[in-house]
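# A predicted structure for the sequence below; I have some questions about it.
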Amino acid sequence: MATASALQRESRSISELEGLSRQARRLILESVHKSGAGHIGGPLSVTDLLVSLYFAELRLDPNDPVNEHRDRIILSKGHSSIALYTVMALRGYLPVEELATFDQINSRLQGHPDLTALPGLDMSTGSLGQGLSAGIGMALGARLKGDDFHTWVILGDGEIQEGQVWEAAFVAARYKLANLTAIVDANGLPQFGWPDPSGHTRETPFDDPAAKFRAFGWNVIEVDGHDHAALLAAWAEAKAYTDGPTCVIAHTVKGKGVSFMEGNYLWHAQVPTQDDLDKAGLELADPEERS
Amino acid sequence: MSANDVQMREAWGQGLVDLGAQYRNLVVLDGDLANSTRADMFHTAYPDRFFEMGIAEQNMLGVAAGLATTGYIPWISTFAAFLAKRALDQIRLVIAQPGLNVKMAGSYSGLLTSKTGKTHQSVEDIAVFRAMPHVVTIAPADAVELRSAMAAMMEDERPTYIRITRDAGPVVVPDGYEFEIGKAVLLRDGADIGIVSTGVQTSRALAAADLLEIAGVSASVLHVPTIKPIDVDAIVALADRTNGIVSAEDHSIIGGLGGAVAEVLAEHRPTRMRRIGIQDTFGESGPNDALLEKYGLTPNHIVEAVNDLLALTSVTTR
Ligand SMILES: Cc1ncc(C[n+]2csc(CCOP(=O)(O)OP(=O)(O)O)c2C)c(N)n1
């Protein structure tokens, strides 16, 4: 039995984090291609957030995935599961080869995170808008027990259209849950949404989430969600705030890292072909491998 | 899947477009899924009568109720899983209780939802809607019946839930078929056993009947597209002239077609039954064939249930 002392926080350098992000994106593309189903735009926009949390912030132990003192993380935008599985694999929760079972029958890597399937998943998600409520429960539990673990919840900016998110926002502020951080992966695109007047893209699903979370009594930090140095600073700032919950609005790009997917809502859940993979692979190659 | 298979969701999108031309008071509300449900076809044709409600199903159903009071006939576009569960209290209070004319289309119903897994598989929606007073509950077998059912729904003023599937399937209703709310249809006549099926599971019931015929067992297939109000007479008549009833549905065996048929038979003509469907469990991600096999929905599973029942009633062949 591992004890609390086995829990630890990694602290990778910025260039290591950037390398891990590239590696994760390559694996995400491959896994979705292989599965023939799944989402792609959202997983690519949330990749840096997950890499940063798992490799430089969360106190955890992959060999003791349900240690009661571990930090909690809920991917409320559960359709981006493949990004979570990939980063967990790189962090040692599962073999990287297991990513090939994504979406297949009897796999631990379900289309949406299933807490009963894979140890280390802190909550089942997939029906949008529910993760923050569960996060409040975890944060209240920690407070009641006198445990110092921190709870992180990642939401989509389409997802926060759900009313339940705002029921949760209200209660989290009411209880001044400083041990809870919400992160909005603000990539500016939902699945279908409202057509932009140009007709070629979509309007942002949720205007100025920062102002809205602030109005609900949250401490709000805005950050470039693809800048690893800025993300580390944001996590530190969030935890330093002790008066209530913090919401980090991470400005991201849907499909980040693959030029022909970036900002294109049609890549929400499209499966990349081999040709797409080849092109994307060149863009996501590590610098030393680029000719 | 064969070359003749037709996608139900595409037929639904086209159905909305065609009915939209005929009924100027038809409007569509979408929960950020129009390009999955294919309500985007209506959006293209009639942008002014299409309302994107975002990822907020509870609000969407409330808005639909309000629109219905002003003379519009709203059709809802979202996944069955979120419609039947997320927005259920709203449906109950402002649609079912006042009996407002809202057409609720639950797409991606059943087990086959493109590997999304248990969160998106809707295997209890029939039970949920069947338990709601005033709500008509329909599960068409194929794209052709769906189109006919949509037309019938527009001529009926009751709140209605209709189940739509994601993937293409064979057309099983006969040429010239016209759907009628509350009416079952005998697709195949046989004296040994009665298979009662609904939704896309009817095509697998017919395949099972083919397999049974090879084995010398003649099976009737009664397709029941309206689970509520259910066709009591057709079910009782089938039980009268066969040696047992097997129900088959892409849904939980609890509270859906199997439950409804069992209620009818227990009250009107006690009959031995077997229920084919999801056996009180949640599903998972996976390719269609593997899911049908693991969760017991293949034609062979129906054949086994028939043989099991016939062994009990000691009739094996005609
Ligand atoms: C309650 C609910 N409604 C609808 C869906 C279907 N759905 C899955 S992803 C998605 C769009 C999500 O947009 P966003 O939160 O911005 O995610 P991202 O752009 O990061 O992929 C929708 C509508 C769902 N999973 N849950």
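Everything's here; your move. What you see is a predicted model; the values in this text were computed from it and never measured. Numbering: from 1, shown residues only, chains lettered A, B, ... in the order given.
# From now on I want contacts and neighbour counts done on CA atoms only, so please keep to that.
Noted.
# what helices or strands is the helix ranked longest in chain A leaning on?
The residue-count maximum for a helix in chain A (DSSP state H) belongs to helix A:14-35. Secondary-structure packing of helix A:14-35 (3 or more C-alpha pairs under 8 Å, 6 or more residues apart in numbering or on different chains; DSSP states H and E): helix A:41-56, helix A:81-91, helix A:228-240, helix A:274-283.
# Export these as a markdown table, with columns for mean pLDDT and distance to chain B.
Putting the helices and strands packed on helix A:14-35 into a markdown table (pLDDT from 0 to 100; distance: least, C-alpha to the nearest C-alpha, whole Å) gives the following:
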| stretch | mean pLDDT | distance to chain B |
| --- | --- | --- |
| helix A:41-56 | 98 | 15 |
| helix A:81-91 | 98 | 11 |
| helix A:228-240 | 98 | 27 |
| helix A:274-283 | 96 | 20 |
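# thought B:Ser252 was touching B:Asp280?
Yes. B:Ser252 is in contact with B:Asp280 according to C-alpha atoms under 8 Å; the separation is 6.0 Å.
# Got the phi and psi for the residue nearest to B:Leu16 when sequence neighbours are not counted?
Computed as C-alpha to C-alpha, 6 or more residues apart in numbering or on different chains, the closest residue to B:Leu16 that is not its neighbour in sequence is B:Phe42, at 6.1 Å. Main-chain torsions, B:Phe42, degrees, to the nearest 10: phi -70, psi -40.
# Please apply the same query to B:Gly258.
When read as degrees, to the nearest 10, the backbone of B:Gly258 gives phi -60, psi -40.
# cool, and B:Arg158?
Backbone torsions of B:Arg158, given as degrees, to the nearest 10, read phi -80, psi 150.
# For it, list the residues it contacts.
Each residue near B:Arg158 by C-alpha atoms under 8 Å, 6 or more residues apart in numbering or on different chains is listed here: B:Gly99, B:Leu100, B:Asn101, B:Val102, B:His134, B:Val135, B:Val136.
# quick one: the second one from B:Arg86, how far?
Taking C-alpha to C-alpha, to the nearest Å as the measure, B:Leu100 falls 19 Å from B:Arg86.
# those strands in chain A, which residues are they?
Counting by DSSP state E, chain A has strands at residues A:8-9, A:59-60, A:72-75, A:151-156, A:180-186, A:219-224, A:246-251.
# and of these, who's closest to A:Ser21?
strand A:219-224 (14.8 Å; C-alpha to C-alpha).
# So B:Ser252 and B:Asp280 - more neighbours on which side?
Comparing B:Ser252 with B:Asp280 by other C-alpha atoms under 10 Å in any protein chain shown, the one with more neighbours is B:Ser252, at 27 against 12.
# Find the residue closest to the more buried one in space, skipping its chain neighbours.
Spatial nearest neighbour of B:Ser252, chain neighbours left out: B:Ile278 (4.3 Å); criterion: C-alpha to C-alpha, 6+ apart.
# again, but for B:Ala305
With C-alpha to C-alpha, 6+ apart, the residue lying closest to B:Ala305 is B:Arg274, at 6.2 Å.
# go on, A:Gly131?
Distances taken as C-alpha to C-alpha, 6+ apart place A:Ser76 nearest to A:Gly131, at 4.4 Å, with adjacent residues excluded.
# so how far is stretch A:275-290 from its chain's centroid?
Chain-centre distance of stretch A:275-290: 23 Å, with C-alpha atoms, centre = their mean, to the nearest Å.
# just checking, B:Arg275 touches B:Ile253?
Yes. The criterion here is C-alpha under 8 Å, and B:Arg275 meets it with B:Ile253 at 6.1 Å.
# The helix or strand where B:Glu304 lies: how far from the chain's middle?
Here B:Glu304 sits within helix B:299-312, counting by DSSP states H and E. Between the centre of helix B:299-312 and the centre of its chain there are 23 Å (C-alpha atoms, centre = their mean).
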